[in-house]
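*Asks:* have a look; sequence and predicted model below, questions after that.
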Amino acid sequence: MRLKIFDRYELKYLLTRVQYELLVSELKSYMEPDEEGDEHGSYSITSLYYDTDDHKAYWDKVEGHKYRRKVRIRVYDDQAVSPETDCFLEIKQRLDKTLQKRRVSLPYSSAEALCGAGEPIMVASETDQAVISEVRYLHDVLQLQPTCIVSYRRLAFNGSEYDPGLRVTFDTNLKSRSHALTLLSAGQAENHYFIPPEWCIMEVKVNYRVPYWLTEVIGRYHCPLRRISKYCAALEQSKALLQTQRIFY
């Protein structure tokens, strides 16, 4: 298992296809493509989100709670997922304006068991065990259950030596489903757009502050800052929510 912890600030923008293409063209001069993706820094992401029966994670976001957490299982690339496929079990946490992500890499069957009624997993690392124990605690206290699957294509750039904490991502082809809630059914269950295909979500992640040059580029193309959650926007397109309030318009 591998534990990764991220603690940073995050800003989100909703872009048109034109804005997306112009920004990507400019960022290539300042940043490097994510080496974890293809030669352009692109890869796919699929996440299975867990929530309570009354969608506590959704409402915490809509109501603007300063402290909130989400549990999800995430896989990368367009791969056929089997019980043995490596995935990330993640806790995404926001405290006011600070974002923290804690995650452990383990086989899909183990991750799914931890989020359900399966037996707890014991590991030697205290930090790994802390994440696993927190997931089990959240499941037992909140009775978490699989709620929504979100998938998209991501193009990612990392900062140069002058901006080491900077990361900018562009998410397109944003689709979801609220049925067949297991990643083992990848390629068999149909997903639907929860944001129009001509739109894109840009995320800017920094350790301290956004570089001035990036602020100028974003302002030049009039990119609107939006407090959008992919999970919430996807859930609103399903039949699980009956309320009229929307986080995405």
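*Replies:* Arrived safely, thanks for sending. Residues are numbered from 1 along each chain as shown.
*Asks:* please count neighbours and contacts with C-alpha atoms only from this point.
*Replies:* Noted.
*Asks:* burial of the closest residue to Thr182 other than its chain neighbours, as a residue count?
*Replies:* Nearest residue to Thr182, sequence neighbours excluded (CA to CA, 6 or more residues apart in numbering): Leu48, at 7.1 Å. Per other CA atoms under 10 Å, the neighbour tally for Leu48 reads 24.
*Asks:* okay, and Leu48 sits in which element?
*Replies:* Using DSSP states H and E, Leu48 maps to strand 42-51.
*Asks:* which residues in this protein form strands?
*Replies:* 3-16, 32-33, 42-51, 67-76, 86-95, 98-107, 145-158, 167-177, 192-193, 199-206 (DSSP state E).
*Asks:* number of residues surrounding Ser25?
*Replies:* 11.
*Asks:* my bad, should have said Pro107
*Replies:* Neighbours around Pro107, by other CA under 10 Å: 18.
*Asks:* still on that earlier bit, what bridges to the residue nearest to Thr182?
*Replies:* Beta bridges link Leu48 to Ile73, Ile149 when assigned by DSSP bridges.
*Asks:* and it, what pLDDT?
*Replies:* Listed pLDDT for Leu48 reads 97.
*Asks:* try Arg94
*Replies:* Note for Arg94: predicted pLDDT of 89.
*Asks:* that one and His65 touch, don't they?
*Replies:* No - counting by CA atoms under 8 Å, Arg94 sits too far from His65 to count as a contact (9.2 Å).
*Asks:* quick one, longest helix in the chain?
*Replies:* helix 126-142 (DSSP state H).
*Asks:* list the buried residues for that helix?
*Replies:* Using 16 or more other CA atoms under 10 Å as the test for burial, helix 126-142 gives 127-129, 131-133, 135-136, 138-139.
*Asks:* tell me how far Val131 lies from Ala189.
*Replies:* As defined by CA to CA, to the nearest Å, Val131 lies at a distance of 30 Å from Ala189.
*Asks:* next: Ile201.
*Replies:* 24 Å.
*Asks:* now do His139
*Replies:* Separation of His139 from Ala189 (CA to CA): 26 Å.
*Asks:* what sits closest to Tyr58 if chain neighbours are left out?
*Replies:* Residue nearest to Tyr58 in three dimensions, not counting chain neighbours: Cys232, with 5.7 Å by CA to CA, 6+ apart.
*Asks:* hang on, the earlier thing: nearest to Gly116, of the strands of the chain?
*Replies:* strand 145-158 (7.1 Å; CA to CA).
*Asks:* so what pLDDT did Ala186 get?
*Replies:* 59.
*Asks:* cool, Ala130 as well?
*Replies:* 89.
*Asks:* Phe6 too?
*Replies:* Model confidence at Phe6 (pLDDT) stands at 56.
*Asks:* which one is Pro224 nearest to, not counting chain neighbours?
*Replies:* In this structure, Pro224 finds its nearest non-sequential neighbour in Tyr13, 5.5 Å apart by CA to CA, 6+ apart.
*Asks:* show me the contacts for the one you found.
*Replies:* When contacts are counted by CA atoms under 8 Å, 6 or more residues apart in numbering, Tyr13 touches 201-203, 223-227.
*Asks:* residues touching Glu32, list them.
*Replies:* By CA under 8 Å, 6+ apart, the contact list for Glu32 reads 157-160.
*Asks:* now the residues you listed in TSV, with pLDDT, neighbour count and distance to Lys70?
*Replies:* Shown next, in TSV, are the contacts of Glu32 (pLDDT from 0 to 100; neighbours: other CA atoms under 10 Å; distance: CA to CA, whole Å):
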residue	pLDDT	neighbour count	distance to Lys70
Phe157	97	25	25
Asn158	96	21	25
Gly159	93	18	27
Ser160	89	13	30
